[in-house]
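Asker: Just need the structure, nothing else, for what follows:
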Amino acid sequence: MDVREIIHRLRAGESKRKIASDLQLNWRTVKKYASWADEEKLLVGELPCPEELQKRFIAAFPKIPAAQNQSSVSEYHEYVVKLRKEGVEIAAIRQRLRERGYAGSYASVHRYVSKLEPLTPDATVRVECKPGEEAQVDFGYAGKMIDPHTGELRKSWAFVMTLSWSRHQYVEFVFDQKIATWLRLHRNAFRFFGGVPKRLVIDNLKAAIVEACWHDPQVQQSYQECAEHYGFLIAPCRPRTPQHKGKVEKGGVHYVKRNFLGGRESTTISQANRDVLVWCETTAGQRVHGTTKEKPLERFSQTERAALRALPAIAYDLAVWKEVKLHRDCHVVFDNAYYSAPFTLVGQKLRVRGGSREIRIYTQEFQLVATHARAEQPGQRQTHPEHLPPELLDGLFLTRETCQSMAEEVGPATAQVTEILLGDPVLDKMTSVRRLLKLRERFGDERLEAACLRALTFDDPRYMTIRRILETGRDLRQDDLPPPEPASRRQPAAFVRSAADLVGHLFGGATWN
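Answerer: Numbering: from 1, shown residues only. Next comes the predicted model:
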């Protein structure tokens, strides 16, 4: 149960009993939350942000333990069945159970017996709506269509939104039922109608409903945000009760399958979508409807179009919410890309809001902890350094050029050692260079420069050598250094014998010996 949804409906003018019916809550519960919202001044003015609203709600209504899933009567199952076959009333059954040690309530026994016995089929009453009040939505399998990008046949589905009063409808075919697709289809349908109905009756699709539970439907955050943007209310259809939205089941999906798709050869999905829009305004829109005895397009044009809510001035950003886990590398995975979040949250479940241009990461309490530009390709990493542990940051973003520049700040000897290490033709010694430069923090620039000079003098410019020099204090001694060789005495390196002396015997010449 989302209190924001209840407040949204109260602000829209729905009665408490209507809200309780739609959300399958006790009307007293809705009344309690409505009184709280009124006291908190939440029914007028601008609503607080989700995290602030959640904090205030939790403070006012602390969580209580969940009810047990197994009935307390289940251990007496065979005895209860026997008594019911004998025609014993529920009150008497409870009394017999109490004699056997049962301590539960009459309501528990009544619920248990009700589940055991089939119900008499209920009569139904047709519910008619006012213009602009309601639309009904569903998906239906549409067979295989050609993917224009690959040329291959793929399974496709038909999205149908039918305005309940006029029966005018919008149809579009898609290759998946992802939440992003679901939201895009709603946006396209509202554009087609030129407005938004007050409420949508939806089937319990995974994209629209988190859990198909009539007693406590939990609307996905993505769909709720879409509903708030356009200003419509979500009315979930009870599971396994398609008669609750018959205008779509019989006049929408079934009609599309039977009329538009019936006998139609496979085409590309883009061509099918172009054709079905024409069909909606001609064949489907101009037929005389069996119930209203009028043409849907005429009823829509003359009456219902004007009754729809106006489209928002700002286009809806197709935002998808997803629950993710922050991995040990301080990144979450969203839509095949990686986004960093504070290392203090590693291992926790977070909420990601993925818009078309921006990614926002929240805690479970809707506290914003990270914002990133959306990755442009799969596998891309978006990282803020401040999200990573400080002890692991040192050297993580250092490049060869940066290391060489830092070494030159210390002195020429340190710069020469760094150049030698980075110039190794076989091994990548960036790690050694990072460790070398980190010695500045421990020993200072002056001592590091002296140690590097000493290592160069003894022709051993390795990291381990320089560290030992610093740890033993040899960089502070100058008396054991060999005197520098005069430049005039230095001879360029050369072979003592010529190449002919070395390999001359191979060609018939003289050898070394």
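
Asker: Mind listing what's buried along the longest strand seen in the chain?
Answerer: The longest strand of the chain (DSSP state E) is strand 134-146. Within strand 134-146, the residues that qualify as buried are 134-140, 142, 145-146, counting by 16 or more other C-beta atoms under 10 Å. Just so you know, the C-beta spots here come from the backbone N, C-alpha and C atoms, and that holds for glycine as well.

Asker: And stretch 286-305, by the same measure?
Answerer: Of the residues in stretch 286-305, those buried (16+ other C-beta under 10 Å) are 295-297, 299-300, 304-305.

Asker: now do stretch 150-160
Answerer: Buried residues in stretch 150-160 (16+ other C-beta under 10 Å): 156-160.

Asker: Please convert these to JSON lines, extending it with secondary structure.
Answerer: Output for the buried residues of stretch 150-160, formatted as JSON lines (DSSP: H, G, I helix; E, B strand; the rest coil):
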{"residue": "S156", "secondary structure": "strand"}
{"residue": "W157", "secondary structure": "strand"}
{"residue": "A158", "secondary structure": "strand"}
{"residue": "F159", "secondary structure": "strand"}
{"residue": "V160", "secondary structure": "strand"}
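
Asker: now for those residues, which pair is the farthest apart?
Answerer: S156 and V160 (13.2 Å; C-beta to C-beta).

Asker: ok, back up a step: of the buried residues of stretch 150-160, closest to Y106?
Answerer: For those, the residue nearest Y106 by C-beta to C-beta is V160; the value is 45.3 Å.

Asker: Contact partners for that closest one?
Answerer: For V160, the contact set (C-beta atoms under 8 Å, 6 or more residues apart in numbering) comprises 137-140, 169-171, 248, 252-253, 256.

Asker: Please report how far it lies from Y255.
Answerer: Per C-beta to C-beta, to the nearest Å, V160 is found 8 Å from Y255.

Asker: which regions of the stretch 101-250 of the chain lie under the pLDDT threshold?
Answerer: Residue ranges of the stretch 101-250 of the chain with pLDDT under 70: 118-127, 203-220, 237-250.

Asker: Spatially, what comes nearest to the residue nearest the centre of the chain if we skip its sequence neighbours?
Answerer: By C-alpha atoms, centre = their mean, the chain has its centre lying nearest to K322, at 2.2 Å. Distances taken as C-beta to C-beta, 6 or more residues apart in numbering put V352 closest to K322, at 5.0 Å, once the chain neighbours are dropped.

Asker: List the residue ranges of this protein that fall below the pLDDT cut-off.
Answerer: Across the chain, the ranges flagged by pLDDT under 70 are 1, 63-69, 118-127, 203-220, 237-252, 393-397, 478-513.

Asker: which residues in it form strands?
Answerer: 134-146, 153-163, 169-174, 199-202, 233-236, 320-325, 331-334, 337-340, 349-354, 358-362, 368-373, 381-382.

Asker: how about those strands in TSV, adding distance to Y79?
Answerer: Shown next, in TSV, are the strands of the chain (distance: least, C-beta to C-beta, whole Å):
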stretch	distance to Y79
strand 134-146	44
strand 153-163	49
strand 169-174	53
strand 199-202	43
strand 233-236	38
strand 320-325	44
strand 331-334	53
strand 337-340	58
strand 349-354	44
strand 358-362	51
strand 368-373	55
strand 381-382	63
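
Asker: Among those strands, which comes closest to Y112?
Answerer: When those are compared by C-beta to C-beta, strand 233-236 sits nearest Y112, at 26.3 Å.

Asker: Run me through the strand neighbours of the closest one, direction for each.
Answerer: Using DSSP bridges, the strands paired with strand 233-236 are strand 199-202 (parallel).

Asker: returning to what we had before: wait, which of the contacts of V160 is closest to I469?
Answerer: Relative to I469, the closest of these is F139; by C-beta to C-beta it sits at 73.0 Å.

Asker: Quick check, that closest one in contact with S156.
Answerer: No - between F139 and S156 there is no contact under C-beta atoms under 8 Å: 10.4 Å.

Asker: Can you pull the domain assignment for this structure?
Answerer: The record assigns the chain these domain ranges, following automatic domain parsing: 3-60, 74-116, 134-307, 320-388, 400-484.

Asker: Please identify the deepest-packed of these.
Answerer: domain 134-307 (a mean of 18; mean count of other C-beta atoms under 10 Å).

Asker: Could you report the distance from E89 to V113?
Answerer: Using C-beta to C-beta, we find E89 at a distance of 10 Å from V113.

Asker: Check F175 too.
Answerer: Taking C-beta to C-beta, one finds F175 at 47 Å from V113.

Asker: now R299
Answerer: Separation of R299 from V113 (C-beta to C-beta) stands at 47 Å.

Asker: Go through the strands of the chain and name the closest to P390.
Answerer: strand 337-340 (14.2 Å).

Asker: Sheet-wise, list the partners of the closest one with their directions.
Answerer: When DSSP bridges is applied, strand 337-340 pairs with strand 331-334 (antiparallel), strand 381-382 (parallel).

Asker: Let me have those in a markdown table, adding distance to T363 as columns.
Answerer: Shown next, in a markdown table, are the strands paired with strand 337-340 (distance: least, C-beta to C-beta, whole Å):
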| stretch | distance to T363 |
| --- | --- |
| strand 331-334 | 12 |
| strand 381-382 | 19 |
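
Asker: among these, which is nearest R400?
Answerer: When those are compared (using C-beta to C-beta), the closest one is strand 381-382, at 20.6 Å.

Asker: Please state the offset of the closest one from the chain centre?
Answerer: Centroid separation for strand 381-382 versus its chain: 16 Å, with C-alpha atoms, centre = their mean, to the nearest Å.

Asker: Name the residues that touch that strand?
Answerer: With contact meaning C-beta under 8 Å, 6+ apart, strand 381-382 is reached by 331, 337-340, 359, 372-373, 375.

Asker: Could you measure from A103 over to G444?
Answerer: A103 is 77 Å from G444, by C-beta to C-beta.

Asker: could you pull out the helices for the stretch 301-450 of the chain?
Answerer: For the stretch 301-450 of the chain, the helices defined by DSSP state H, counting those that start in this stretch occupy 305-307, 390-393, 400-410, 412-422, 430-443, 445-457.

Asker: okay, the angle between the longest one and helix 445-457?
Answerer: Between the direction of helix 430-443 and that of helix 445-457, the angle (axes from the mean of the first three to the mean of the last three C-alpha atoms, to 10 degrees) works out to 130 degrees.

Asker: Can you name every helix or strand that helix 430-443 contacts?
Answerer: The contact analysis (3 or more C-beta pairs under 8 Å, 6 or more residues apart in numbering; DSSP states H and E) places helix 430-443 against helix 400-410, helix 412-422, helix 445-457, helix 463-472.

Asker: Now D335. Nearest residue, chain neighbours left out?
Answerer: Distance criterion C-beta to C-beta, 6+ apart; nearest residue to D335, sequence neighbours excluded, is G354 at 6.1 Å.

Asker: who's the one you found bridged to?
Answerer: V320, I359.

Asker: ok, it - contacts?
Answerer: 319-322, 334-335, 374.

Asker: that older thread, now for the residue nearest to K322: which residues touch it?
Answerer: Contacts of V352 by C-beta under 8 Å, 6+ apart are 321-324, 332, 334, 339, 359-362.

Asker: Can you lay out the residues you listed as JSON lines showing distance to T418?
Answerer: Converted to JSON lines, these look like this (distance: C-beta to C-beta, whole Å):
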{"residue": "W321", "distance to T418": "48"}
{"residue": "K322", "distance to T418": "45"}
{"residue": "E323", "distance to T418": "47"}
{"residue": "V324", "distance to T418": "41"}
{"residue": "V332", "distance to T418": "37"}
{"residue": "F334", "distance to T418": "39"}
{"residue": "Y339", "distance to T418": "34"}
{"residue": "I359", "distance to T418": "38"}
{"residue": "R360", "distance to T418": "41"}
{"residue": "I361", "distance to T418": "38"}
{"residue": "Y362", "distance to T418": "44"}
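
Asker: Of the residues you listed, just say which sits nearest to A451.
Answerer: Looking across the contacts of V352 and measuring by C-beta to C-beta, the closest to A451 is Y339, at 42.0 Å.
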